[in-house]
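Enquirer: Below: sequence and its predicted model.
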Amino acid sequence: MDRIIMHIDVNNAFLSWSAIDLLKQGAKYDIRESYAVIGGDEEKRRGVVLAKSNLCKKLGIVTGESLYSARKKCPNLEIYPPNFKVYQYYSNKLFELLGKYTPDIEVFSIDECFIDYSKVKKLYGDELEFAYKIKDEIKEKLGFTVNIGIGNNKLCAKMASEFEKPDKAHTLYMDEIKEKMWPLPIENLLWIGKKTSVKLRELNINTIGDLANSNPHELSKYFKNQAIKMIESAKGIDDSEVITTYVDPKGISHSTTLPYDYTNKDEIYKVIGELSEKLGISLRKQKKYCHVIAIIIRDKYFHTFSHQRRLKNATDLNNEIYEVAKQLFDEAWNKEPVRLIGVRLDNLTESTYHQLSLFEDIDLREKDKKLEEVVDNLKDKFGHQIITMATLVENKKDKKN
DNA sequence: TCTGGGGTCCTAGGACCC
DNA sequence: TCTGGGGTCCTAGGACCC
């Protein structure tokens, strides 16, 4: 039997959710109806568009572009800061509402999910009617609009939700692919980004239909193994499952764009310390250990590179992460001023017994671990500012003196 | 006052082993 | 006295998604 999959996608999520929140706080008008974007702090050099209103979209403003460039397209642009607590609140509300109808939901991101409707069709009947009902219920109860796409697999459902926006439901069944998907420009196809679309257009493949009908052998010359997958996508083929259970992350990372380019090693170490500490806390919260630590550096020329190392012994301790990350930084740094610094933990595993290296002091390690657990608890109770790693405290002392 | 932050997956090349 | 070949693990980088 054919599967029926739904993709639910909040229209301009961050902007819509901020709009509702601002109205609640007594705002005079709805920023969804004006030339507004949600954007990062330009003073901190995080000035990019995170979400835009439909009016801004019409002016060609896209997510991810700099506010500087967005303002050129719209001189009176209104810029609002993101509020992630509010976003998480409305995201939860959305998934709660959907959860009343079926537990078979794959949360794909903060504002998107898939539903395997095949499993509940007997209960709720025709999928398109159901989609309309749900989207109206969301609008009425939560105050924002969604698009719903329906297809025989996740790919088609997601493609369908991208059709006309906002506040719409669309179908893209297998027998509608030719008519509804093939005329679209190649850029619209999922997994075909900027780089790939440029190459495809050079090969005179301009629409999704062109790609679907291209010669796999010929295309393999340019895209190797990816070619087959690309053509399958263009034909609307996708057998990936809706995954309704929680999937552990394979790695975690934190990174930060610095308020100005850093050249002083101690200043950079301090940031690495803060990032390591955050990572250590979330690692211990998840009861995980990491086997690989990486440092990510972006220099003032926007050149981004990384350096990683597999550990002999997996760790979940701030200080061990910090020490390795610092070392990796020293090995990788090209001495150019640093714009962004990041730390990433990979190859996460469930708590594994710690294999002691020959000269390691087991008591010392146990003490470290106990200490960090105590600190975690204190932070939960009193907030983050209360305790920082010894090195950070020392840095602060140095500054005072 | 140009260009966020957090992920996943894939590929290529080198090291190492049999 | 002229260079195998397959498999696995590891690292770096790139492309894509939200």
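Expert: Ah, there it is.
Enquirer: Below-threshold pLDDT in chain A: ranges please.
Expert: For chain A, applying pLDDT under 70 flags the ranges A:352-368, A:370-371, A:373, A:375, A:377-401.
Enquirer: how near is the residue of it at minimum distance from DNA strand C to DNA strand B?
Expert: Residue nearest to DNA strand C within chain A: A:Gly193 (2.2 Å; Cβ to the nearest atom of the strand). C-beta coordinates here come from the backbone N, C-alpha and C atoms, glycine included. Look at A:Gly193 and DNA strand B: by Cβ to the nearest atom of the strand, to the nearest Å, they are 10 Å apart.
Enquirer: what's around that residue, how many residues?
Expert: 10 (other Cβ atoms under 10 Å).
Enquirer: One more: A:Pro249?
Expert: 12.
Enquirer: roughly how far apart are it and A:Lys288?
Expert: A:Pro249 is 9 Å from A:Lys288, where distance means Cβ to Cβ, to the nearest Å.
Enquirer: For stretch A:198-217, what is the distance to the chain centroid?
Expert: Centre-to-centre, stretch A:198-217 and its host chain are 29 Å apart (Cα atoms, centre = their mean, to the nearest Å).
Enquirer: List the contacts of that stretch.
Expert: Residues outside stretch A:198-217 that contact it (Cβ atoms under 8 Å, 6 or more residues apart in numbering): A:177-178, A:181-186, A:188-189, A:192, A:219, A:222-223, A:227-228, A:230-231, A:234-235.
Enquirer: what's the span of that stretch, first residue to last?
Expert: In stretch A:198-217, first residue to last residue: 20 Å (Cα to Cα, to the nearest Å).
Enquirer: ok, the closest residue to A:Glu78 other than its chain neighbours - contacts?
Expert: Closest residue to A:Glu78 apart from its sequence neighbours, by Cβ to Cβ, 6 or more residues apart in numbering: A:Ala36 at 4.3 Å. Applying Cβ under 8 Å, 6+ apart, one finds that A:Ala36 lies in contact with A:15, A:52-53, A:55-56, A:77-80.
Enquirer: same check, this time on A:Ile186
Expert: A:192, A:197, A:200-201, A:205-208, A:210-211.
Enquirer: among the residues you listed, which two are most distant?
Expert: A:Arg201 and A:Ile208 (12.6 Å; Cβ to Cβ).
Enquirer: near DNA strand C, which residues of the stretch 251-400 of chain A?
Expert: Within reach of DNA strand C by Cβ under 7 Å from any atom of the strand, the stretch 251-400 of chain A has these residues: A:292, A:294, A:304-310, A:332.
Enquirer: so what's the residue positioned nearest the centre of chain A bridging to?
Expert: Centroid-nearest residue in chain A: A:Ser109, 6.9 Å away (criterion: Cα atoms, centre = their mean). Bridge pairing for A:Ser109 (DSSP bridges) gives the partners A:Glu112.
Enquirer: before we move on, what about A:Ile38?
Expert: According to DSSP bridges, beta-bridge pairing links A:Ile38 with A:Ala51, A:Tyr80.
Enquirer: Tell me if I'm right that it and A:Gly47 touch.
Expert: No: contact criterion Cβ atoms under 8 Å: A:Ile38 and A:Gly47 do not qualify, at 11.7 Å.
Enquirer: Among those two, which residue is more densely surrounded?
Expert: A:Ile38 (26 against 19).
Enquirer: got a list of what the more buried one touches?
Expert: Applying Cβ under 8 Å, 6+ apart, the residues contacting A:Ile38 are A:14-15, A:18, A:49-52, A:79-82.
Enquirer: Rebuild the residues you listed as a markdown table, extending it with distance to DNA strand C.
Expert: A markdown table is the format used below for the contacts of A:Ile38 (distance: Cβ to the nearest atom of the strand, whole Å):
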| residue | distance to DNA strand C |
| --- | --- |
| A:Phe14 | 10 |
| A:Leu15 | 13 |
| A:Ser18 | 16 |
| A:Val49 | 12 |
| A:Leu50 | 10 |
| A:Ala51 | 10 |
| A:Lys52 | 14 |
| A:Ile79 | 19 |
| A:Tyr80 | 18 |
| A:Pro81 | 18 |
| A:Pro82 | 12 |
